[in-house]
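> I would like to see how this sequence folds:
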Amino acid sequence: MSDKPLAKQTHEDVVGNPKTDEMAQNREDGYGKFLTTNQGLRVNDDQNQLKAGERGPTLLEDFIYREKMTHFDHERIPERVVHARGVAAHGYFEAYNDNANLSRAAFLQPGAVTPVFTRFSTVAGSRGSSDMARDVRGFAVKFYTEEGVYDLVGNNIPVFFIQDAIKFPDFIHAVKPEPHNEIPQAASAHDTFYDFISINPETTHMLLWVMSDRGLPRSLRMMEGFGIHTFRLVNAEGKARFVKFHWKPLLGTHSVAWEEAQQISGKDPDFHRRDLWSNIEGGNYPEWELGVQVVEEEDERKFDFDILDSTKLIPEEQVPVIKLGKMVLNRNVDNYFAETEQVAFCLSHIVPGIDFSNDPLLQGRLFSYLDTQLKRLGGPNFHEIPINRSLAPIHNGQRDGHMRQTINKGNVAYGVNKLNDGYPKQAKASEGGFVSSYERVEGHKIRLRSKSFVDHYSQAKLFWNSQTDAEKMHIVKALRFELSHVQHSEVQERTLVQLAQVDHDLARRVAEGLGMAVPSSDGVQLNLAVPADGDVAHYQSGPVKDASASSPALSIATDSPINAGKASIKTRQIAILATDGADVAAIGELMKTLMDQGAQTAIVATHLGTLKGKDGQEILINWTFQATSSVLFDALYVAGGAGSVQRLTQDADAVRFVNEAFRHCKPLAASAEGVELLKAASYPGATDILSADGVVTSPDNKVAGLAQNFIKAIAQHRFWSRELKAMPA
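Here you go, the predicted model:
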């Protein structure tokens, strides 16, 4: 570990990562060692219990068996109530330019390099659920700064379902599997969820986000992250500013189709985990830029919404994102349980230069996240678990507790004291002591939602207006799917009424899929979640403020400087479809061209082993059509060669492979005879596959020109425009 302070280290200094180096004392590798008990006793026989005779009963004195079985029986800890299924990796954050005018935080100063541990997760499902559920994704980053641990705990969506933390247990109970039969798993398509949605209009904005392509990320490496709440950054002079945190992926933000996500769940339920793990192992380190939207305190009320309302966002066109630095994840965990499962994120873990706002959802999370770790990890000493340990030294009067590891010296465990000369002493702000941002607060003690929070439809309308036609169609189809699984018609009707407040055409299109008409909202109390003695009118949202407002940054299909990531094919998975008789030379040339651009290729054939080309050349096959699927790739190329194409066009699995890829709007390419397989994958009534967007062909096996057009198509990720044209189911 370098002698330099963490905030002064360069990228080269942290190649070994100070945090992972610090954890080395807790790593164990049994290779080349004798088997022992947990007390260090070498074991002679670990295959048989101690018995009274060869066929006799087991003896109670068998301490080796009892230790082994007792530990096994206690291996599991309570899984997280939410965000149970996750995957994580180590890395570092490197600050960009001088951010001192915004924050005094050391890790944000020029050139500072800070170790991080980042965990991604789904929200609703259990630890054993599929990665590809339609859901919010957790995006939590633990910074091991020289001033202490800082946790930025957010999601891949910038808003949330509720405004006040007191409703969080109700919301989670509604979205979780229904308690009478524990069905459905990791899915919101059921009655209790939509019953909650339909009587709590504050959920409407977030509902549209989850039903959009944001709920189905292509990769954890290809999704944005958001702090959700409004926080404060505070500089050395004590000047505070409101901020919204953003993580921008350098690979861009991309999604998959709903049908595709369902198939991936069957083919590879660990799809996102495997993708992150394998790319880090292969040196394709994912990267995100951390940015903030900054609002001066005096401008807090200049918007037509309340920035303390977590169901609202600040459009990037109004307040641009300022980039503060870059995060790189470059090391997988050594042990999933010890690191990914035991890591404890708490919003109350902050450092000087960062502070909270009065967002009522944030205020509640400050309590809840600490409280849940006490239950899940067994007590107040979870900060001593290696993955949670601060790199900054810890000195205080806190003592004892379950599984305490620190051995505190001396007879003083309180402050202020004289017996220990006043140590550990309090730190002045100039010495790095945390000082809460000064704020004058006064008011009556009251349970009441601010009237500035009661606009539940304007930003939902903003989001809907900002989507492309294809993205809108995806939202409509998603809501049709979800509400088709709702058994109570009154719940469907109430949900349609809420959607109609956002956009009547949206509600009409969803209703058509349900065989229903949009119910009238005349005389209907849209918000049933009001206090027993509350003023109902106080909680009723008014109409949409600006029905034409839009924000291009909210669409991931729109080409704009804000939505970067459509210029590269780095780490894209490309399937090369070929079998015996293919043009191996053309395959090799195309594979090299694609890999030179950072893509990853795999040959998919009718058999494993070696593919024998038409000119006697050979190439190794990676997959068969039975062992993989088009949904695990981003694009495909059909190689030329009469013998190969003849076999593939007669293979139902090969034809379905191409058909699915086309239906999921992926880039397709074919050269020479390979075009025939594309034709075979088409069907009467479908869009002409050869003239469709994103399909690249060549009449011969000269791949140079085809390759460049194919690369451009892959960089676009998907061609959702195909869905807008007449295509059979």
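
> Could you verify my assumption that residue 234 touches residue 353?
Yes. Using Cβ atoms under 8 Å, residue 234 is in contact with residue 353, at 5.6 Å. Every residue, glycine included, has its C-beta placed from N, CA and C.

> Point out where the stretch 551-700 of the chain drops to low pLDDT.
Applying pLDDT under 70 to the stretch 551-700 of the chain flags the ranges 560-565, 683-687.

> at 90 instead, please
Low-confidence segments of the stretch 551-700 of the chain, defined by pLDDT under 90: 558-567, 614-615, 682-688, 700.

> ranges for the strands of it?
573-577, 600-605, 610-612, 618-620, 623-624, 635-638, 668-671, 695-698 (DSSP state E, counting those that start in this stretch).

> Can you add mean neighbour count and distance to residue 509 and give those strands back as TSV?
Output for the strands of the stretch 551-700 of the chain, formatted as TSV (neighbours: other Cβ atoms under 10 Å; distance: least, Cβ to Cβ, whole Å):
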stretch	mean neighbour count	distance to residue 509
strand 573-577	24	33
strand 600-605	21	37
strand 610-612	18	47
strand 618-620	13	48
strand 623-624	16	39
strand 635-638	27	30
strand 668-671	27	29
strand 695-698	21	28
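
> thinking again about what came up before, looking at residue 234 and residue 353, which one has more neighbours?
Looking at residue 234 and residue 353 with other Cβ atoms under 10 Å, you find the greater number of neighbours at residue 353, namely 25 against 22.

> so who does residue 175 touch?
124, 188, 192, 193, 196 (Cβ atoms under 8 Å, 6 or more residues apart in numbering).

> out of those, who's nearest residue 203?
residue 196 (7.1 Å; Cβ to Cβ).

> Excluding covalently adjacent residues, which one is nearest to that closest one?
residue 174 (3.7 Å; Cβ to Cβ, 6 or more residues apart in numbering).

> Kindly report the same for residue 417.
Using Cβ to Cβ, 6+ apart, the nearest residue to residue 417 is residue 423, at 8.0 Å.

> And residue 675, by the same measure?
In space, residue 675 is closest to residue 697, 5.2 Å off (Cβ to Cβ, 6+ apart).

> Show me what the one you found bridges to in the sheet.
Note on residue 697: beta-bridge partners residue 670, judged by DSSP bridges.

> quick one: it from residue 673, how far?
11 Å (Cβ to Cβ, to the nearest Å).

> With residue 202 instead?
58 Å.

> Looking only at neighbour counts, state which of the two leads.
Counted by other Cβ under 10 Å, residue 202 and residue 673 do not tie: residue 202 has more neighbours, with 26 against 23.

> Between residue 234 and residue 353, which contacts overlap?
Counting by Cβ under 8 Å, 6+ apart, the residues touching both residue 234 and residue 353 are 103, 104.

> hang on, the earlier thing: who wins for proximity to residue 60 among the strands of the stretch 551-700 of the chain?
strand 623-624 (53.4 Å).

> I'd like to know which elements the closest one is packed against.
Under the contact criterion of 3 or more Cβ pairs under 8 Å, 6 or more residues apart in numbering; DSSP states H and E, strand 623-624 touches strand 600-605.

> Output the contacting helices and strands for the strand it packs on.
strand 573-577, helix 584-596, strand 623-624.

> just to revisit the earlier point, go through the contacts of residue 175 and flag which are in helices.
192, 193, 196 (DSSP state H).

> between the residues you listed, which is closest to residue 594?
The closest of the ones in helices among the contacts of residue 175, once distances to residue 594 are taken by Cβ to Cβ, is residue 193, at 42.3 Å.

> Please list all residues in contact with the closest one.
With Cβ under 8 Å, 6+ apart, residue 193 has these contacts: 174, 175.

> Would you mind measuring from it to residue 489?
In terms of Cβ to Cβ, residue 193 sits 16 Å off from residue 489.

> Point to the residue nearest the middle of this structure.
residue 137 (3.6 Å; Cα atoms, centre = their mean).

> What's opposite that one in the beta bridge?
With DSSP bridges as the rule, residue 137 is bridged to residue 122.

> okay, the ones in helices among the contacts of residue 175 in JSON lines with pLDDT and distance to residue 17 next?
Putting these into JSON lines (pLDDT from 0 to 100; distance: Cβ to Cβ, whole Å) gives the following:
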{"residue": "192", "pLDDT": "98", "distance to residue 17": "44"}
{"residue": "193", "pLDDT": "98", "distance to residue 17": "41"}
{"residue": "196", "pLDDT": "97", "distance to residue 17": "43"}
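
> For residue 701, state which of these is nearest.
So of these, ranked by how close each gets to residue 701 (Cβ to Cβ), first place is residue 193, at 53.0 Å.

> I'd like the distance between that closest one and residue 96.
Residue 193 is 41 Å from residue 96, by Cβ to Cβ.

> so where do the helices sit in the stretch 451-600 of the chain?
458-466, 469-484, 489-502, 504-514, 584-596 (DSSP state H, counting those that start in this stretch).

> right, so the ones you listed: which one is the most enclosed?
helix 458-466 (a mean of 23; mean count of other Cβ atoms under 10 Å).

> What is the neighbour count of the residue nearest to residue 417?
11.

> Could you do residue 253 as well?
Residue 253: 23 neighbours (other Cβ under 10 Å).

> Is it in contact with residue 556, as I believe?
Yes. Counting by Cβ under 8 Å, residue 253 touches residue 556, with 4.5 Å between them.

> element containing residue 294?
Assigned by DSSP states H and E, residue 294 belongs to strand 287-296.

> Run me through the strand neighbours of that strand, direction for each.
By DSSP bridges, strand 287-296 pairs with strand 240-249 (antiparallel), strand 322-332 (antiparallel).

> Show residues contacting the longest one.
Under the contact criterion Cβ under 8 Å, 6+ apart, strand 322-332 has outside partners 17, 20, 89-96, 99, 102, 108, 112, 116, 118, 141, 247-248, 250, 276-277, 280-281, 285-294.
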